[in-house]
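J.: let me see the structure of the following:
(chains A and B)
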Amino acid sequence: MSEPVLRLEDVWKAFGDHAVLQGIDLEVDPGEVVALIGASGSGKSTLLRTVNLLEPIDDGRIWLSGADISDPRTDADAVRARIGVVFQQYNLFPHLTVKDNITLALRHVHKYSKSRADAAATALLERVGLAEKADHHPDRLSGGQQQRVAIARAVATSPDLLLLDEITSALDPELVADVLDLVRALADDGMTIVMATHEMAFARDVADRVVFLDAGRILESGTPAEVFGAPREERTRAFLARFTA
Amino acid sequence: MTSPSGPAPAAAPLEGSSPPREVSAVELERQAFRKRQGARSVAVSLVSTLVVAGLVWVLIINTPGWARVQHMFFNGEVFLASLPRVWDGFLLNLRVLAMASVLVLLFGLLLATLRTLRGPVWLPLRALAAGYTDLFRGIPLIIVLFLVGFGIPGLQLIPVRLPTEFWATIAITLTYSAYVSEVFRAGIEAVHPSQRHAARSLGLSHGKTMRLVVVPQAVRKVTPALMNDFVALQKDVGLISILGAIDAVRAAQIETAAYFNFTPYVVAALLFVLLAIPTIRLTDWYTARVRAREQVGGIV
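T.: Here you go, the predicted model:
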């Protein structure tokens, strides 16, 4: 058995009195695609943010490729450099061109030369079908195009782990397909992915494992066939019923 | 189940690819109406401007003291005679302005950045920057000029005697940096936190996030405000005259005494106005452009 890319052990997190994560245990193996599903406020986004060290946890441990990254002595920048994140609102840098958005981390964190970073960005833009937009600024792009650039930016550094935080929730329905196709291609390439999503059909199609979060706890976890086909928990059934109605 | 990857809906014909078509009679009538309206507005504004200007002119010309004021303030001979000296002084103002504006930008940005530093090590610097902006926004510029211009040379810190305009530039920089740093700080805080999250998520350090992502966006946001401060600075460089530097104001004062006529002051004022107008127009143009970009669509 290879070592899991990501391991969470009894992770707790509260905002004031509000307990958002209540003892999360989760393992993600190399190449695995895990879909986090659950109602808004169930803790999906917070879970992703704790992994990326944007939120400190209150208790528990998080390992990235065998190293405890929840230890406060960890170099958070070095950890984040190994994790790619795509946000719901894209969060592209509006003052940089599409290409410079992608090369920023390559050049200033991973110390690529300009020519090497540009070549990598060009290849990636080719792949996401936006080569001709390389010198545009993000505000000239549609939401779907911006999100594809954001994905290219996140995977440019060949991260060990890719976190996707409801990346299609802000998109118009007709733009969703292109973005999901891209995620599917990354999954096929063997990228390890943890994604919070409301796209049940996509989760069923692409995920190796579906994790249902409810009020900060993992209520149910299994293959898409298990969770969608024969949910064990009443709350899972109730949640899924709202999406299949 | 939702089906995100299902077949795309039948593509609508692309806009702009349709053949040219006849504009409807209704629209033609509307366009004609707008054109008439436009012509009428121009005519009305022209007439009203002429009427107001005429009234003001007649009022001033008919004041009992006009002839004397015209002789003392708008004297053509004195104007031409004093122009070369006032112009020479004005060149000194321009030099101080160029130097001070560069220094203010650098020092102001440094102060603003110091105030964004986090972590206990930086507390003294943070507190110092905060105290500095409080202090120098509080003291009138004219007092700073006196304190720096006469006080620091009095320390005899440097063996050589530096020119007055050097100390004047320092004093102006000290005061304006305090204001400009607050403008920068407002800009830095106006950059949405999600930009910081995105940058940090890529592994960029706090410093690199500031330098590569936050500050460039902040500077764009506050450029109109900075240009406004630049206009204010253009006039305030005239205050260096109080330290004895022969700038446009001082030169005008000397010429005024020589001719027993106030026209040299008007000469100096004219030079300052001519300097300010391009910047003011540029500021207006840039602000309008930023607004147009942020509020795409809509006519109100």
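J.: tell me the contacts of B:Val104?
T.: Listed by C-beta atoms under 8 Å, 6 or more residues apart in numbering or on different chains, the contact set of B:Val104 reads B:Ile172, B:Thr173, B:Tyr176, B:Ser177, B:Val180, B:Leu233. C-beta coordinates here come from the backbone N, C-alpha and C atoms, glycine included.
J.: just the buried residues of stretch B:277-287, please?
T.: Neighbour counts over stretch B:277-287 (16 or more other C-beta atoms under 10 Å in any protein chain shown) mark B:Ile280, B:Thr283 as buried.
J.: show residues contacting that stretch.
T.: Under C-beta under 8 Å, 6+ apart, the answer for stretch B:277-287 is B:Thr223, B:Pro224, B:Met227, B:Asn228, B:Phe230, B:Val231, B:Gln234.
J.: restricted to helices, list the contacts of B:Val104.
T.: Of the positions in the contacts of B:Val104, B:Ile172, B:Thr173, B:Tyr176, B:Ser177, B:Val180, B:Leu233 sit in helices, assigned by DSSP state H.
J.: list of residues touching stretch A:226-233?
T.: Stretch A:226-233 is contacted by residues A:Ile37, A:Met200, A:Arg204, A:Val210, A:Phe212, A:Leu219, A:Glu220, A:Ser221, A:Thr236, A:Arg237, A:Leu240 when judged by C-beta under 8 Å, 6+ apart.
J.: hey, C-alpha coordinates of it in CSV?
T.: Taking C-alpha atoms only, stretch A:226-233 is exported to CSV below (Å, rounded to 0.1, in the frame of the first residue of the first chain):
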residue,chain,number,x,y,z
GLU,A,226,-22.9,2.9,-2.6
VAL,A,227,-23.7,6.4,-1.6
PHE,A,228,-25.9,7.4,-4.4
GLY,A,229,-27.4,4.0,-5.1
ALA,A,230,-28.0,2.7,-1.7
PRO,A,231,-27.4,5.4,1.0
ARG,A,232,-27.4,3.9,4.5
GLU,A,233,-28.3,7.0,6.4
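J.: what comes up buried for it?
T.: Buried, per 16+ other C-beta under 10 Å, within stretch A:226-233: A:Val227, A:Phe228, A:Pro231.
J.: helices of chain A, residue ranges please.
T.: According to DSSP H, the helices that chain A contains are A:44-51, A:76-81, A:98-108, A:114-127, A:143-155, A:173-188, A:200-206, A:224, A:234-244.
J.: got the contact list for A:Leu182?
T.: A:Val128, A:Arg148, A:Ile151.
J.: about what we covered before: just the contacts of stretch B:277-287 now: which is nearest chain A?
T.: Using C-beta to the nearest C-beta, B:Thr223 is the member of the contacts of stretch B:277-287 that sits closest to chain A, with 12.2 Å.
J.: how is chain B divided into domains?
T.: Domain segmentation of chain B under automatic domain parsing yields B:24-62, B:75-292.
J.: what is the burial count for B:Phe79?
T.: Using other C-beta atoms under 10 Å in any protein chain shown, the number of residues around B:Phe79 comes to 17.
J.: just the pLDDT at A:Ala238, thanks.
T.: Listed pLDDT for A:Ala238 reads 91.
J.: go on, A:Ser2?
T.: For A:Ser2, the model assigns a pLDDT of 75.
J.: chain A against chain B: which residues are in contact?
T.: Counting by C-beta under 8 Å from any C-beta of the partner chain, chain A comes close to chain B at A:52, A:54, A:77-78, A:80-83, A:85, A:87, A:89, A:91-95, A:104-105, A:108-109, A:153, A:157, A:168, A:173-174, A:176-177, A:180-181, A:199-202, A:204-205, A:243-244.
J.: among those residues, name the buried ones.
T.: Applying 16+ other C-beta under 10 Å to the residues of chain A next to chain B flags A:52, A:54, A:77, A:80-83, A:85, A:87, A:89, A:91-95, A:104-105, A:108-109, A:153, A:157, A:168, A:176-177, A:180-181, A:199-202, A:204-205 as buried.
J.: quick revisit: from the contacts of stretch B:277-287, pick the one nearest A:Ala121.
T.: B:Thr223 (28.3 Å; C-beta to C-beta).
J.: any idea which helix or strand carries the residue lying closest to the closest one once chain neighbours are set aside?
T.: Distances taken as C-beta to C-beta, 6 or more residues apart in numbering or on different chains put B:Tyr286 closest to B:Thr223, at 6.4 Å, once the chain neighbours are dropped. If you go by DSSP states H and E, B:Tyr286 is part of helix B:263-294.
J.: residue ranges with poor pLDDT in the chain?
T.: In the absence of a named chain, chain A is used. Residues of chain A meeting the criterion pLDDT under 70: A:1, A:244-245.
J.: try again with chain B
T.: By pLDDT under 70, the low-scoring segments of chain B are B:1-18, B:293-300.
J.: all the helices of it, residue numbers only.
T.: All helices of chain B, identified by DSSP H, fall at B:25-61, B:66-73, B:76-116, B:123-138, B:141-146, B:152-154, B:164-190, B:193-201, B:206-209, B:215-236, B:248-259, B:263-294.
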